[in-house]
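Student: Show me the folded form of this:
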Amino acid sequence: MSVARGNDKRDWDIAECVETGTRKRPRYLMAYEESFRNILGDEDFSPGSAPSPSFDLRDLFGCSCNSCHRSGRPLTQEKPGGRRWQRSGFSNPKHEAESAFFTLRMEHRKGGILTQHRGEGRLLIFRSDRAGSIAKIVYSSAQNGVEGDAVAGTMSTVRVAATIHVLSVKEEYRGHGLGNLLFSEAMKRLKQQHSEAEFIRVSFYAEEDIRRHNRLVQFYLDMGCTIKKNGRIQFVNNNDGEVYRRIPMEISLDQRSSLPSSSLSLSSVLACSSFLPIFFCGRTPSLGKSSSWRKAVGWLVAQVGNGLELLPTRDRETPTVHRIRLLRASDKKEGIFHEHRGTCCLIDEGLWLIQSTETGLFLEDETENHNLVFSKELSFWQPVMSSLCLVKSSDTPTKRSHYRRMWSTQSVEYAKSMQSLYLRFDCRRLTLKDALNYSKLLPANPFFIPTNRISGSAVPSLRTLMYSTAELARSEGHPDWIQLVALMYGLAGILTFFLDPESLRGYDWTIHDVEARVLGCKRSNCAAYPEFHNLSPDKEDPRYSTRLGMYEKEHEGLEKVLLSWTSNDYMYFMLKYNSISIPDEAFTVLKLSRLVDWHCRGEYTSLSNEEDEQMKQFVADFYDLCIRAQQSLSQSKKELSDNECNSLWDSYYSHIVQKYGARKQLCW
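Tutor: Numbering: from 1, shown residues only. Predicted coordinates:
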C-alpha cells in the first residue's frame, strides 16, 4: 500500500504510518507510552541498576484501603470469592477508626519470664498498628546425646530433640500463609542454633476439631512432616462442646539436606521493617457475569531497606528472591506513570506495574499455566486491601482514560450532534477492501502500551482482527452475513485518517473496543467503570433521570433508542445508507452487540420489545465471538500478511461482499 504525501497533514499521517509500520492511535492514548519511556529512560532498563525512589507497601495498599473504605467495594464492584477472605482480619470494620492501613513484622524472642520450657524460643508476628501478636510459634530443643566413640574411631553424631508446643494463627488471619512462614522459620532457627547437630528430630501434636478432618494434618504433611509410626491418636474434649483429635507428628531435620520452607531467610524476615502476605489472583472472564477470581500462590512483599522484595511463602527448591519496584498509572492525571512517593496523594484510582530491578521485566500471570512470571509485556494489577490480594486487571491506563473521556463526553446532545455531522456520509468514497487495507494502519488493541522492548508495529493490526473474527465465525458455521458483519464491524476507525481532528472534540469515538449504553434515560448501574458515572453531562438533567426518560412508552424497542455514539453505531447507519442488503438480523447484531448491559447484564428490559428479546442470545453470541477472536489474537500476536489477506478476500470474502451488494464504492 503506497500513499503519496499531499499537502494535507492527514495525508502525511497515512504516509508516515505506511513507511514506519506504526499503528495510528489517538494522541491521548499515546501519552502513556511517552511517560513510560521517560521513567525508564531512552535506553532499555539497565539490569541491576539502582532503582529511583519508589512506592512502598503503604502506597500500594494504603490508598486501596482508603478508596475501598469510601466506596465500600473494589473499583470494579466485584467481590473476592471465598467467605474466608471476606471476614479477613486484614480489613476488620471494628478497627477502621484505629487504622486505615497496617503492615506486619516478625520478632524472635528467647527466655524471659514467659518461658515455660528449657531451651524455649518464640517467633511472633505483629500488626504495626496494635499491640498483641496475631500469630506465633513456640518451640524448645535440647541435645539428646552423642553417638560414636572417638577412641574406637567411629564418627560422633550429635542428635537434638525438639518440640513444637504451640503454632497458632488467629482465625481472621488464616489462609495467608502465616502458618507456613512461622513453621519454616522455626525450623531454620533450630538448624542455625544446633549447627553442630547432624540430626534434629522435631515432635509435636496436630490438634484439630473433628469437623475439619485432616485439614491441619494435611498442612503439616505439605510442610514435609509425617505422622509418627505407632503413635496413638487421642480424642479430647476441651469443655467447649467440641471434640478434638491430637495426632502425633514429627519431622527430621538433616543439616545436609534442604528444608521445605519459606523462601525468605530468617535473618531477612526479622531484619525487614515490614512485610505483607499477598495473593496474586488472576481473573477468568465469564460472559454476562461477574468475573471469577483465581487464587494464585501466596507471596510475601517485604520492605528491606529502601527497596521491596517479592518472595513465595513456600518454596521447596532453591529460594527465589526478586527485588522489585512499583509503578502506578493514574487515569486522572492522564498519560503519567508515577514512581516517586509523594504523588500518591494526588491519585484517587489507578493500576500498578511490578517490575524486577534486576532484569527490568514485569510481573504477569500466565493465562495457560496460571504461573507468575516476569515478562517484557506490561501486566497491570489492582490492589484489594480487604483480602490482601493483587488482582490481574484486564484494564490498562489507556482504556480507563478512554472510558473516562467517554463518560464525560457522551450525552444526548453529543450523540445527536455526531449523527448530524457524520450521517451525511460525505467524508470519502471507499470500497470495503480499501477500508480493510487502511485498517492495516490501526492497532487491533488500541489500548496496548508499547515499551522499549515491544514497539507499536509488533501489535497486530485491526485488519488482522477483522479477518480473524470473520474466519472464526466461518469455522464455527455461522451464516455468511454474520461473517460479513464480523469482517467490517470495526472499520469506522479508518475515518481518523480523513476527519479533521478538531471534529473529534478530544474523544475518538471510532475506537471499536468500547461498550455502548442507552442515552436519554436513567443509566444502568451495571455500566462499565461506575467510578466515572458521575462525569456524565446528562446526570443533572431531570428529563433523563427516570427509567424511561425521554422515551414515550415501555417496550418501544431498542431500534428506536438513542445509543452512545460508537464505531458500531456508525457502521450500522453507514451500511443502511449504502443500501447493503444484509438481513435485518445482521443490522440488529451490528447495532446492539456492544450494548453489553442489555444482552449480558439484563438491563434496559423496560425499553426492549419482544423482537429484541428473541434476538438477545444471538447478539450475545456475536459479542462473545468478537471477544474470543480478540483474546486469541492477543495471545498469538500473529499479523496476517498482505498476501494472506488478499488470498482470503479473493477466494472467499469477495463473493460474500458481492452477494450482499457491498462490492461497490461506499459512501463513508
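Student: Mind checking what helix or strand follows whichever strand or helix holds V138 in sequence?
Tutor: In this assignment (DSSP states H and E), V138 forms part of strand 133-147. Counting by DSSP H and E, the element after strand 133-147 in chain order, helix or strand, is strand 157-169.
Student: what helices or strands is the following helix or strand past that following strand leaning on?
Tutor: Per DSSP H and E, strand 157-169 leads on to helix 178-193 as the next helix or strand towards the C-terminus. If you count contacts as 3 or more C-beta pairs under 8 Å, 6 or more residues apart in numbering; DSSP states H and E, helix 178-193 packs onto strand 104-110, strand 120-127, strand 133-147, strand 157-169, strand 199-209, strand 243-254, helix 266-271. Using the backbone N, CA and C atoms, a C-beta is placed for each residue, glycine as well.
Student: what's the most buried one of the ones you listed?
Tutor: The highest mean neighbour count among the helices and strands packed on helix 178-193, using mean count of other C-beta atoms under 10 Å, belongs to strand 120-127: a mean of 20.
Student: any residues touching that one, and which ones?
Tutor: Residues from elsewhere that reach strand 120-127, judged by C-beta atoms under 8 Å, 6 or more residues apart in numbering: 102-111, 114, 132-141, 165, 178, 181-182, 185-186, 189, 193.
Student: Export the strand holding V138 to PDB, keeping only CA atoms.
Tutor: Below are the C-alpha coordinates for strand 133-147, written out as PDB (Å, rounded to 0.1, in the frame of the first residue of the first chain):
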ATOM      1  CA  SER A 133       0.600 -10.900  68.300                       C
ATOM      2  CA  ILE A 134      -1.700 -12.300  65.600                       C
ATOM      3  CA  ALA A 135       0.300 -15.500  65.100                       C
ATOM      4  CA  LYS A 136       3.100 -17.300  67.000                       C
ATOM      5  CA  ILE A 137       5.100 -20.500  67.200                       C
ATOM      6  CA  VAL A 138       6.600 -21.700  70.500                       C
ATOM      7  CA  TYR A 139       9.300 -24.400  70.400                       C
ATOM      8  CA  SER A 140      12.100 -25.800  72.600                       C
ATOM      9  CA  SER A 141      15.100 -28.000  72.000                       C
ATOM     10  CA  ALA A 142      17.800 -29.900  73.900                       C
ATOM     11  CA  GLN A 143      20.800 -32.000  72.900                       C
ATOM     12  CA  ASN A 144      19.800 -35.700  73.100                       C
ATOM     13  CA  GLY A 145      23.300 -37.200  73.300                       C
ATOM     14  CA  VAL A 146      26.400 -38.000  71.200                       C
ATOM     15  CA  GLU A 147      26.700 -41.300  69.400                       C
END
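Student: Quick check: which helices or strands does it pack against?
Tutor: strand 120-127, strand 157-169, helix 178-193, strand 199-209.
Student: Specify the stretch among those that is closest to S417.
Tutor: strand 120-127 (55.7 Å; C-beta to C-beta).
Student: what angle separates that closest one from strand 133-147?
Tutor: Put simply, strand 120-127 runs at 160 degrees to strand 133-147, going by axes from the mean of the first three to the mean of the last three C-alpha atoms, to 10 degrees.
Student: Please shift the residue numbers so they start at 59 in all later answers.
Tutor: Done: numbering now begins at 59, and the last item shifts to strand 178-185.
Student: Centre of the chain to strand 178-185, how far?
Tutor: Between the centre of strand 178-185 and the centre of its chain there are 34 Å (C-alpha atoms, centre = their mean, to the nearest Å).
Student: quick check: angle from that strand to strand 215-227?
Tutor: In terms of direction (the same axes, to 10 degrees), strand 178-185 departs from strand 215-227 by 30 degrees.
Student: Paired strands for strand 178-185, with orientation please.
Tutor: Using DSSP bridges, strand 178-185 pairs in its sheet with strand 162-168 (antiparallel), strand 191-205 (antiparallel).
Student: how about those in TSV, adding distance to S709 and mean pLDDT?
Tutor: Below are the strands paired with strand 178-185 laid out as TSV (distance: least, C-beta to C-beta, whole Å; pLDDT from 0 to 100):
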stretch	distance to S709	mean pLDDT
strand 162-168	63	89
strand 191-205	66	85
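Student: Kindly reformat those as a markdown table containing distance to R652.
Tutor: Below are the strands paired with strand 178-185 laid out as a markdown table (distance: least, C-beta to C-beta, whole Å):
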| stretch | distance to R652 |
| --- | --- |
| strand 162-168 | 45 |
| strand 191-205 | 48 |
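Student: Looking at these, spot the one closest to D682.
Tutor: strand 162-168 (42.9 Å).
Student: which outside residues touch the closest one?
Tutor: If you take C-beta under 8 Å, 6+ apart as the criterion, strand 162-168 is touched by 178-186, 192, 239, 243, 247, 324, 327-328, 330-335.
Student: what angle do that strand and helix 236-251 make?
Tutor: Taking the same axes, to 10 degrees, strand 162-168 and helix 236-251 form an angle of 40 degrees between their directions.
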